[in-house]
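S.K.: Give me the fold of what follows.
(one chain, ligands or ions: 1)
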Amino acid sequence: MPAVSESPQLVVVANRLPVRRTPDDDGNLRWTTSPGGLVSALTPALAESGRGCWVGWDGSTDDDEPVDDSPGLPAEVDGIKLVDIPISADELDDHYDGMSNGTLWPLYHDKIGSVEFHRHWYDGYRRINRRFAEATAEAADDGAIVWIHDYQLQLVPGMLREIRPDLTIGFFLHIPFPPRELFQQLPWRKGLSSGILGSDLIGFQTPQAIANFHGVVNHLGLTTSVDDNVLKFQGRMIRTNAYPIGIDVDRYQDAALSHPIMEASRDLRARLGNPQTVLLGVDRLDYTKGIDVRLRAFRELLADGELHPSQVTMVQVAQPSRDKVDAYVDVRNRVERLVSEINGDYGRVGFPVVHYIHQSQSFTELMALYGTADVMLVTPFADGMNLVAKEYVASRHDESGVLVLSEFAGAAHQLSDAIMVNPYDVDGLKSAIAEAVKMPAEEQRRRLKSLREVVASTDVNQWLANFRRDILQIHRAKDGG
Ligand code: F6P
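M.R.: A predicted model of the protein is given here:
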């Protein structure tokens, strides 16, 4: 049995590596660390663990056009070893576009999109999960802690345990876990849930997801719940817990207070024609996000005369995503049609009422948008957490602004001082937007103050610290420490 070190090696396993190829100032491609709170929170933890390692896919396939002088993937970034999992274009069709985003994503998000079940998708999913498990087994030191992320890799915990029973295995699901009535439609329900049960610790975003998972695995006869947070599986105890993910609050707060961002926000508002009210939506272009329903509500408010186009402007950022999947092509068509209809009916030359951006935004552009937005619309039909809601709150240092938030976002469990909406209820959404636009400054301040406290006290570092505390405890108990 390996000696228990003070700080065991930490291996993170996620579908994507924490790096991406971007052009520098001279247009030369280079690998840089991916933006985002998850990567920046995990980087020091991995570096600290010594021999920290990240297993993932670099985003390329054998179908990509070769780029002259493109640098190869570095062996490590910021002291973290990178283990690349190659995925071919055909494999990507089955594992990523197929099983992950054509089956699991819509099923786990309440079947908002149509769910397809294909045996060859599941075969491809299994093959890629096996590849991740084998590479992880090879990369992990004796007695290491392995932390596997998300729905693309649910078979990895079980496969890894078979090869390396000495490892302590944690799994975190970033998206919702569905109720039993939906999950049991999966032809591979036993295989998938047994895969997750290969873990020692399973983290979810919300208590609801834990309850759903217990309901599923107990009903399948795989486990018995010892209590609300412990499952017994094949004689082993597995802990389940809620770890609501947060953002890097300091980064957003500091940027929002910086002179260049404040100036960029003022500039942006002027470019929008200095309207009385700016409404903002920032989403990946995904049918779960409720972009179309908020556009419909906005259109009806303009039609009713409740809002006036000379006073209100909406900005909708829709970051391109998963564009080979039919349902994503459909939602793009729906959204773009609505935007064009609204602008056709209510815009004037030089003054569209909806500014629609189908591009990723830089951090600076995003901060300028948050600084300009009087009302932030976050209206998903289902969402694991929704970090945009938290980013907006953290960016509003002067405590002005209103968050309109779907009750079906994981964030709604924490951000109770937002104006809550049911995105299926267009009339309710209209009333919420109208209320937000008219909300007195004092009421805005009261709500934002409390929201900012919640977001600050549950940031990404807290999320990481809580998961690490629990997995380390299990690791020590396992090794008799
Ligand atoms: O929310 C789930 C998630 O997989 C995130 O982890 C990720 O950042 C996002 O969706 C985008 O995913 P993709 O890898 O499909 O671009």
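
S.K.: Report the mean confidence score over the strand or helix carrying residue 218.
M.R.: Using DSSP states H and E, residue 218 falls within helix 207-219. Averaged over helix 207-219, pLDDT sits at 98.

S.K.: what sits up against it?
M.R.: 173, 176-180, 183-184, 189, 193, 196-197, 202, 204, 223-225, 228-229, 231, 233, 240-242, 413 (C-beta atoms under 8 Å, 6 or more residues apart in numbering). The way it works is simple: take the backbone N, C-alpha and C, and place the C-beta from them, glycine included.

S.K.: Now that helix: buried residues?
M.R.: By neighbour count on 16 or more other C-beta atoms under 10 Å, the buried set for helix 207-219 is 209, 210, 211, 212, 213, 214, 215, 216, 217.

S.K.: before we move on, the earlier item: restrict the contacts of helix 207-219 to contacts with the ligand.
M.R.: For the ligand, no contacts are drawn from these by C-beta under 6 Å from any ligand atom.

S.K.: Write the ChimeraX selection for whichever of these are buried.
M.R.: The ChimeraX selection below is limited to those of the contacts of helix 207-219 classed as buried (16+ other C-beta under 10 Å):
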select :173,176,177,178,180,183,189,193,196,197,202,204,223,225,231,233,240,241,242
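
S.K.: Cross the contacts of helix 207-219 against strands and list the overlap.
M.R.: Among those, the ones falling in strands (DSSP state E) are 202, 204, 223, 224, 225, 231, 233, 240, 241, 242.

S.K.: List just the nearest of the residues you listed to the ligand.
M.R.: residue 204 (13.3 Å; C-beta to the nearest ligand atom).

S.K.: Flag every residue of the stretch 301-450 of the chain that's near the ligand.
M.R.: Selection of the stretch 301-450 of the chain residues close to the ligand by C-beta under 6 Å from any ligand atom yields 321, 322, 384.

S.K.: returning to that earlier point: dump the buried residues of helix 207-219 into CSV; add distance to the ligand as well.
M.R.: Listed next are those as CSV, based on distance: C-beta to the nearest ligand atom, whole Å:
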residue, distance to the ligand
209, 13
210, 18
211, 21
212, 17
213, 17
214, 22
215, 22
216, 20
217, 22
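
S.K.: What about the residues of the stretch 301-450 of the chain next to the ligand, which one has the most neighbours?
M.R.: Greatest neighbour count in these, by other C-beta atoms under 10 Å, goes to residue 384: 25 neighbours.

S.K.: gap between that residue and residue 43?
M.R.: Distance, residue 384 to residue 43, by C-beta to C-beta, to the nearest Å: 22 Å.

S.K.: Report pLDDT for the closest residue to residue 236 other than its chain neighbours.
M.R.: With sequence-adjacent residues excluded and distances taken as C-beta to C-beta, 6 or more residues apart in numbering, residue 236 is closest to residue 200, at 7.9 Å. At residue 200, the model reports a pLDDT of 98.

S.K.: Check whether the helix or strand bottoming out on mean pLDDT in the chain comes into contact with the ligand.
M.R.: The weakest-scoring helix or strand in the chain, judged by mean pLDDT, DSSP states H and E, is helix 37-48 (a mean of 81). No: Helix 37-48 stays clear of the ligand (C-beta under 6 Å from any ligand atom), getting no nearer than 7.6 Å.

S.K.: Next secondary structure after that helix?
M.R.: Downstream of helix 37-48 (by DSSP H and E), the next one is strand 53-57.

S.K.: so how many other residues sit close to the closest residue to the ligand within the chain?
M.R.: As assessed by C-beta to the nearest ligand atom, the ligand sits closest to residue 174 within the chain, at 4.7 Å. Neighbours of residue 174 under the rule other C-beta under 10 Å: 16.

S.K.: Make sure it is actually in contact with residue 386.
M.R.: No: under the criterion of C-beta atoms under 8 Å, residue 174 makes no contact with residue 386, lying 11.0 Å away.

S.K.: mind saving the C-alpha coords of the helix or strand containing residue 317 as PDB?
M.R.: Assigned by DSSP H and E, residue 317 belongs to strand 312-319. The C-alpha coordinates for strand 312-319 follow below in PDB (Å, rounded to 0.1, in the frame of the first residue of the first chain):
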ATOM      1  CA  VAL A 312     -35.300  50.500 -24.100                       C
ATOM      2  CA  THR A 313     -32.600  48.600 -25.900                       C
ATOM      3  CA  MET A 314     -31.800  44.900 -25.700                       C
ATOM      4  CA  VAL A 315     -28.400  43.300 -26.200                       C
ATOM      5  CA  GLN A 316     -28.300  39.600 -26.700                       C
ATOM      6  CA  VAL A 317     -24.900  37.800 -26.900                       C
ATOM      7  CA  ALA A 318     -25.300  34.200 -28.200                       C
ATOM      8  CA  GLN A 319     -22.000  32.500 -28.200                       C
END
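
S.K.: Give me the mean pLDDT for that strand.
M.R.: The pLDDT scores in strand 312-319 average 97.

S.K.: C-terminal to that strand, what's the next element?
M.R.: Where DSSP H and E defines the elements, the next helix or strand beyond strand 312-319 is helix 326-346.

S.K.: which strands and helices sit next to that next one?
M.R.: helix 291-304, strand 312-319, strand 354-357 (3 or more C-beta pairs under 8 Å, 6 or more residues apart in numbering; DSSP states H and E).
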